[in-house]
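>>> Structure for the following, please:
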Amino acid sequence: MSADRFLVIRLSAVGDVVNTLPTLSLLRRARPNATIGFAVEDRARDLLEAHPMLDRLHVFPRKRWRAMAARPSRWRRLAAEVGAYRRELREARYDVAIDVQGNLKGAAHAIAAGAASRIGFARGHDREGNHWLSNEHVVPPADRPHRVDKFASLLGPLGIHGREREWVFPDTTDEEPTIASFLAAHDLARGGFVLIHPGTSGRGAAKRWPEERFAELARRAVAELGRPVVVSWGPGEEDLARAVADGAAGVVLGPRTASLRELLVLVRWAAVFVSADTGPMHLAAASGTRCVALFGPKDPRIYAPYGAGHTVLYRPEGMTSIGVDEVLVAVADGGA
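Predicted coordinates:
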């Protein structure tokens, strides 16, 4: 396919945006002189602003627009903003939209951009009838493939079939002093602490490991492994993180990270990252940090941390079937 202007569409969630970055890298390596844009929701924009492989970033302010839609007095303003956003997409004159999102929101962006070629997943591999609105359909390469590989398969109609999986992030030089100061204040060394993230998204409560087990793991990592522990947290998770830290010696409540780039620095500087299936887990894996990932209801073939060296403890019968002892062993030795 001959084209030189591409729009990658992956609006959410944070982990899926992270897992789309290898697709972006493959596209840029194969089309070094192309114009490449990316459409993303505002909550994940930190991972893409000033990205070295992007020419344009289109930020979809979903949360603000949803709030405006609930107030009739703001409808006129909302209509004006939606119109301006649509014009922004159109004026970029994209030839090809690569719809990684795979639902109606993704299809709406592809159509709004006016791309003549709209690449999406074939029926049965999409959601909400997305395939009806794309005109190039891709069947992923395997039964229940990992998200990283599924997303990369969308480049097939462009003749791009590389197996390389490269994560490139924007520069974090400005964010590093904040995290360095936090570590110094707690006498922690880069690469010398265990990072535990007990939270999941609000819709992912069934994926959570019990709070009290995270707390026990944190205490025992200090007492039995001699490893200091930092408990990280995201919006709405501070109380949970405090309960896990619980004032235990050697267990530190993580900083309030002002951006995903600060979180990226924190996970990059950890020795090992422990969590359930959550966006920060994918961020840690993409950063090269060894992960111990706890899985119950979700299939790790699809959602596990990508790459070698990680440990996945999978109990399809439920998260409570994962014991503290086995997680502690995984933290200590990284056995797969």
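
>>> Neighbours of the closest residue to residue 121 other than its chain neighbours, how many?
Once flanking residues are discounted, residue 121 sits nearest to residue 102: 5.1 Å by C-beta to C-beta, 6 or more residues apart in numbering. All C-beta spots, glycine's among them, are computed from the backbone N, C-alpha and C. A count of nearby residues for residue 102, using other C-beta atoms under 10 Å, gives 23.

>>> can you check residue 104 too?
Based on other C-beta under 10 Å, the number of other residues close to residue 104 is 15.

>>> what residues are up against it?
127-130, 133 (C-beta atoms under 8 Å, 6 or more residues apart in numbering).

>>> tell me the secondary structure for residue 252?
Put simply, residue 252 is strand when judged by DSSP: H, G, I helix; E, B strand; the rest coil.

>>> Let me see the contact set for it.
Taking C-beta under 8 Å, 6+ apart as the test, what residue 252 contacts is 186, 188, 228-231, 245.

>>> Now with 10 Å, please.
When contacts are counted by C-beta atoms under 10 Å, 6 or more residues apart in numbering, residue 252 touches 182-183, 185-188, 193, 218, 228-231, 245.

>>> quick one: which of those residues sit in strands?
229-231 (DSSP state E).

>>> which one among these gets closest to residue 260?
Of all the ones in strands among the contacts of residue 252, residue 260 sits closest to residue 230, with 17.0 Å by C-beta to C-beta.

>>> measure the nearest residue to residue 237 once chain neighbours are set aside to residue 291 for me?
The spatially closest residue to residue 237, leaving aside those adjacent along the chain, is residue 199, at 3.8 Å (C-beta to C-beta, 6+ apart). Counting by C-beta to C-beta, to the nearest Å, the gap from residue 199 to residue 291 is 15 Å.

>>> Which other helices and strands does the helix or strand containing residue 178 contact?
Using DSSP states H and E, residue 178 sits within helix 176-185. Packing partners of helix 176-185 (3 or more C-beta pairs under 10 Å, 6 or more residues apart in numbering; DSSP states H and E): strand 251-253, helix 260-268.

>>> Just tell me which of those ends up closest to residue 86.
That would be helix 260-268 among the helices and strands packed on helix 176-185, by C-beta to C-beta, at 26.3 Å.

>>> Quick one: low-confidence residue ranges for the stretch 151-300 of the chain.
For the stretch 151-300 of the chain, applying pLDDT under 70 flags the ranges 202-204.

>>> So which residues of it form helices?
Ranges of helices within the stretch 151-300 of the chain are 176-185, 211-225, 238-245, 260-268, 279-286, 300-303, based on DSSP state H, counting those that start in this stretch.

>>> and the last one, what does it pack onto?
Looking back up the chat, that one is helix 300-303. Looks like helix 300-303 contacts helix 14-30, helix 147-152, strand 290-295, strand 311-314 (3+ C-beta pairs under 10 Å, 6+ apart).

>>> Name the strands paired with the third one and say parallel or antiparallel.
Each strand that pairs with strand 290-295, with its direction, by DSSP bridges: strand 272-276 (parallel), strand 311-314 (parallel).

>>> quick one: the last one to chain centroid distance?
Read that as strand 311-314. 19 Å (C-alpha atoms, centre = their mean, to the nearest Å).
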